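[1] below are the sequence and a predicted model for it; my questions follow.
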Amino acid sequence: MRVAFDRGRERVALERLSREPIRLKVECHYLSPEALLERFRQRQLCLFKGFSNAPATAQLQKKHFPAATSELVRSADRILQHRWPMLGFGEKNFDTPVNWLKDSVMDRVWPTDFHGDIVLQPAGGSDVRLLWELNRLSHFITLGRAYAVTGREEYAAELFSQFDSWLEQNPLGYGPNWNCAMEVSLRAMNLLAALSTCRQASSFTPERLAVWLHSLEQHGAHIKRNLEFSHLGTTNHYLTNVVGILWLGLTLPELAVADEWREWGLRQLFVEMDKQVLPDGADYEGSTGYHRYVLELFLYSFILCRQHSIEINAQHWQRLRSMLQFLQYYLRPDGGAPLIGDTDGSRVLPVTVRRADDHGYLLGLGAVAMQNPDLKCGSFSEELLWLCGENGIDAFAALSNGVGSLESKAFHSAGIYVLRNDEMYLLFNAARHLRAGRSSHRHNDALSIEVSACGRAFIVDPGTYVYSADPPARHLFRSTAFHSTVQVDDTEQNSIEESQPFLFGNEARPITTSWQTTAVEDRVSGLHFGFERLPGKVRHERSIVFDKRNRWWLIEDQLHGAGMHKITARFHLADGLEVVLIDLVATVRNLETDAGLIIFSTDSLPTTPAATDPGQWASKLESQFVSREYGSRQHSTTVTWSKTEVLPCRFSWALVPVCRGEDEQKRIQLVRQLLAKNSK
């Protein structure tokens, strides 16, 4: 009722609000347009140090990233031709002038109704996420950086021309590009970055400065009128609102409201960090993709505050460090991130294009921000250069190298357990839905696993693909059948509906029942209750043993309850692998590296306690998908075993990596001998 009342007031006031002149501070109010422009150009800090000193940063860009600089200029040239990439949908062609209301994939033009009346999931499959990606204007950063690197005025002129057309097509408060305050916030942050790089351009006139300052003030006021706050729970959306207001207040001191925005943003930033970050550092929405996004919001804001002489207390720096450590440990040995839960590719200030599973660049930035060598890995990134400038590069070089090989680690609050040793890596997911059933970005992945070995990911989470553009696909990608866990009677672990792509039940409530790690062995067990609503009140318990000396994992599944039930066990494989399935043994190979993973049921061993008749299992390879980028999907294979059995029952699986040069049969024989020995 409050939201409806506020929107009603906003609706009748929009015409007046759009006509209101910009409100400048007293010391700026009486400056001539030319003097105001000169003041803006001479400011030492317009945003981050690297962006504020764009000419010097551009020279370092060319020195340290020559190949990336050449690609940057090529990308800017394509933008001049109105062509640039859109997430996983590839490069798209845009009209001249750009139609900022057109879905470039479904070729649908969205209406310019009052933003509160826009239906975000219309019939016909148009995806507002794709439209919003266009209207975040992140490609303006590419144009701005290209201008700084080359000095070519045409890049800055194109940037300003495109924003002129954007303002013309998107009157304040009307259309889908004003519907979500998160999107307004991200657009404002990207505009600040673009403006920082182009403030010396000849096409940046006093009149243009007035237009941009007025629009950014309207962006901030619109965010404050439409905060995505709820007493039931705040998410990354509200946090983005907070950060947008904070950045506007910090970087536009000319505005009369700047001090108020800065103080409000700071207070709310700390409130949300205490609320949204779990004690062990994980984002409480249960998604690694959104963990990266939320970490960017906090990390970039802390760096910006420090550069503007605002100190953050030690408690919140420690919370930020825990977020970075969580990221550090969930990264696979190949550097990629498991795509747990929703991943829509959202970024804060995307300096350069990165895959959805590329999270490691934040570690170097965090190492410099916190002067912590344990977080340092690899070389410094373009993000570090443009956010921290030359001082950031020097600080990175001064840090000693990181911790080296990581050990197994438990994140009890998050419900994530990483069992690793050198290149052997298994992630066990026992994450609870912590937002009272409102966990809209989680998937049905209770007790699922990710496995990487010999430098290659083999068993993976499938990712997200899309939101509203393809409801059946959205439903599949978050379903139990698309994850490496056990399903009973084809029932979902948590209730989900195809018609409600962001509503999620909370029946599974997974818990961890044990965790132990030593130099030679790791053990973890978890239990979930998602199938208790079936006859016989079925519960699924999974235990994993990691034999570090012999480099293999034993997975034991127990189904508690009563009655006859259909049991399906799946292992969802990464794309690009060759898979051969013979009865109870699946051989998975990466032909490029000659590495493999053997998955077999220990029910084929008559001496094991879990033994049943091998013929009971029906094995097959299912054709499914993985999505490594929002909007794209690749064919993959899932190894599936199913049978019907009376509960309670127990069954187990061996996962045996075979690295280059190793004998596959000897590895299998070793594990079989170990299983037989343990059974005795």
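    Perfect, thanks for sending it.

[2] looking at this protein, which strand is longest?
    Ranked by residue count under DSSP state E, the longest strand found in the chain is strand 632-658.

[3] partner strands of it, with direction?
    Strands that pair with strand 632-658, judged by DSSP bridges, come out as strand 552-572 (antiparallel), strand 595-601 (antiparallel), strand 618-629 (antiparallel).

[4] go through the longest one and flag the buried ones.
    Using 16 or more other C-beta atoms under 10 Å as the burial criterion, the residues of strand 552-572 that qualify are 552-561, 565, 567-572. No exception for glycine: its C-beta is placed from N, CA and C like everyone else's.

[5] so residue 455 sits against residue 592, correct?
    No. Applying C-beta atoms under 8 Å, one finds residue 455 not in contact with residue 592, separated by 10.2 Å.

[6] which of these two has more neighbours?
    residue 455 (14 against 9; other C-beta atoms under 10 Å).

[7] how about the more buried one, what does it touch?
    Listed by C-beta atoms under 8 Å, 6 or more residues apart in numbering, the contact set of residue 455 reads 333, 334, 423, 593, 595.

[8] give the contact list for the residue nearest the centre of the chain.
    By C-alpha atoms, centre = their mean, the chain has its centre lying nearest to residue 289, at 1.8 Å. Listed by C-beta under 8 Å, 6+ apart, the contact set of residue 289 reads 339, 340, 341, 342, 343, 344, 345, 346, 356, 464.

[9] give me the pLDDT value at the nearest residue to residue 648 once chain neighbours are set aside.
    The shortest distance from residue 648 to any non-neighbouring residue, by C-beta to C-beta, 6 or more residues apart in numbering, is to residue 560 (5.2 Å). As predicted, residue 560 sits at a pLDDT of 97.

[10] go ahead and confirm residue 110 touches residue 174.
    No. Residue 110 is beyond contact range of residue 174, at 10.8 Å (criterion: C-beta under 8 Å).

[11] next SSE downstream of the longest strand of the chain?
    Where DSSP states H and E defines the elements, the next helix or strand beyond strand 632-658 is helix 664-679.

[12] show me what contacts residue 181?
    By C-beta under 8 Å, 6+ apart, residue 181 lies in contact with 222, 223, 226, 227, 228, 237, 240, 241, 244.

[13] now it: how far from residue 75?
    29 Å (C-beta to C-beta, to the nearest Å).

[14] same check, this time on residue 512
    To residue 75, residue 512 is 45 Å away according to C-beta to C-beta.

[15] now do the helices in the stretch 251-400 of the chain.
    258-276, 288-307, 314-330, 361-370, 382-398 (DSSP state H, counting those that start in this stretch).

[16] which parts of the stretch 51-200 of the chain are helices?
    For the stretch 51-200 of the chain, helices defined by DSSP H, counting those that start in this stretch occupy the ranges 54-64, 66-80, 128-135, 139-150, 153-169, 181-198.

[17] format the ones you listed as a markdown table; extra columns: mean pLDDT and distance to residue 306.
    Formatted as a markdown table, those follow (pLDDT from 0 to 100; distance: least, C-beta to C-beta, whole Å):
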| stretch | mean pLDDT | distance to residue 306 |
| --- | --- | --- |
| helix 54-64 | 97 | 18 |
| helix 66-80 | 98 | 26 |
| helix 128-135 | 95 | 30 |
| helix 139-150 | 98 | 22 |
| helix 153-169 | 98 | 28 |
| helix 181-198 | 98 | 17 |
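
[18] okay, those helices in TSV with distance to residue 524 next?
    Listed next are the helices of the stretch 51-200 of the chain as TSV, based on distance: least, C-beta to C-beta, whole Å:
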stretch	distance to residue 524
helix 54-64	42
helix 66-80	40
helix 128-135	35
helix 139-150	42
helix 153-169	51
helix 181-198	36
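
[19] out of the ones you listed, nearest to residue 390?
    Nearest to residue 390 among the helices of the stretch 51-200 of the chain is helix 54-64; the distance by C-beta to C-beta comes to 6.1 Å.

[20] so which residues make contact with the closest one?
    Applying C-beta under 8 Å, 6+ apart, the external contacts of helix 54-64 come out as 50-51, 68-69, 72, 144-145, 148-149, 196-197, 200, 380, 382, 385-386, 389-390, 393.

[21] among the helices of the stretch 51-200 of the chain, which comes closest to residue 637?
    The closest of those to residue 637 is helix 128-135. By C-beta to C-beta, the value is 28.0 Å.

[22] could you tell me the angle between the closest one and helix 153-169?
    Going by axes from the mean of the first three to the mean of the last three C-alpha atoms, to 10 degrees, helix 128-135 is angled at 130 degrees with respect to helix 153-169.

[23] check which helix or strand residue 216 maps to.
    Counting by DSSP H and E, residue 216 is found in helix 206-225.

[24] report the rounded mean pLDDT for that helix.
    Computed over helix 206-225, the mean pLDDT rounds to 97.

[25] could you measure from residue 64 over to residue 371?
    Residue 64 sits at a distance of 21 Å from residue 371 (criterion: C-beta to C-beta).

[26] what of residue 515?
    Distance, residue 515 to residue 371, using C-beta to C-beta: 32 Å.

[27] more neighbours: the two, which one.
    residue 515 (17 against 10).

[28] what sits against that one?
    Neighbours of residue 515 in contact, by C-beta under 8 Å, 6+ apart: 410, 412, 417, 523, 524, 525.

[29] next, the fourth one: secondary structure please.
    To tie it back to what came earlier, the one meant is residue 523. Following DSSP: H, G, I helix; E, B strand; the rest coil, the label given to residue 523 is strand.

[30] so where is the chain shaky, pLDDT-wise?
    Across the chain, the ranges flagged by pLDDT under 70 are 122-125, 434-439, 604-615, 680.

[31] again, only this time at 50
    In the predicted model of the chain, residues 436-437, 605-615 satisfy pLDDT under 50.

[32] rewinding a little: and the angle for the longest strand of the chain with helix 664-679?
    Using the same axes, to 10 degrees: strand 632-658 against helix 664-679 is 70 degrees.

[33] residue 242 reaches residue 266, doesn't it?
    No. Applying C-beta under 8 Å as the test, residue 242 and residue 266 come out as separate, 9.1 Å apart.

[34] that older thread, dump the strands paired with strand 632-658 to CSV, plus distance to residue 546.
    CSV is the format used below for those (distance: least, C-beta to C-beta, whole Å):
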stretch, distance to residue 546
strand 552-572, 5
strand 595-601, 14
strand 618-629, 24
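
[35] ok, which of those strands comes nearest residue 232?
    strand 618-629 (29.6 Å).

[36] what about the strands in the stretch 401-550 of the chain?
    Ranges of strands in the stretch 401-550 of the chain, per DSSP state E, counting those that start in this stretch, are 409-411, 416-421, 424-429, 448-453, 456-459, 486-488, 511-517, 521-528, 539-547.

[37] as a markdown table, the ones you listed with distance to residue 253 would be great.
    Below are the strands of the stretch 401-550 of the chain laid out as a markdown table (distance: least, C-beta to C-beta, whole Å):
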| stretch | distance to residue 253 |
| --- | --- |
| strand 409-411 | 40 |
| strand 416-421 | 42 |
| strand 424-429 | 45 |
| strand 448-453 | 46 |
| strand 456-459 | 47 |
| strand 486-488 | 57 |
| strand 511-517 | 49 |
| strand 521-528 | 51 |
| strand 539-547 | 55 |
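
[38] please identify the deepest-packed of those strands.
    Greatest average neighbour count among these goes to strand 448-453 (a mean of 26), per mean count of other C-beta atoms under 10 Å.

[39] helices or strands up against that one?
    strand 424-429, strand 456-459, strand 595-601 (3 or more C-beta pairs under 8 Å, 6 or more residues apart in numbering; DSSP states H and E).

[40] need these in CSV (columns: distance to residue 533).
    Below are the helices and strands packed on strand 448-453 laid out as CSV (distance: least, C-beta to C-beta, whole Å):
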stretch, distance to residue 533
strand 424-429, 21
strand 456-459, 28
strand 595-601, 28
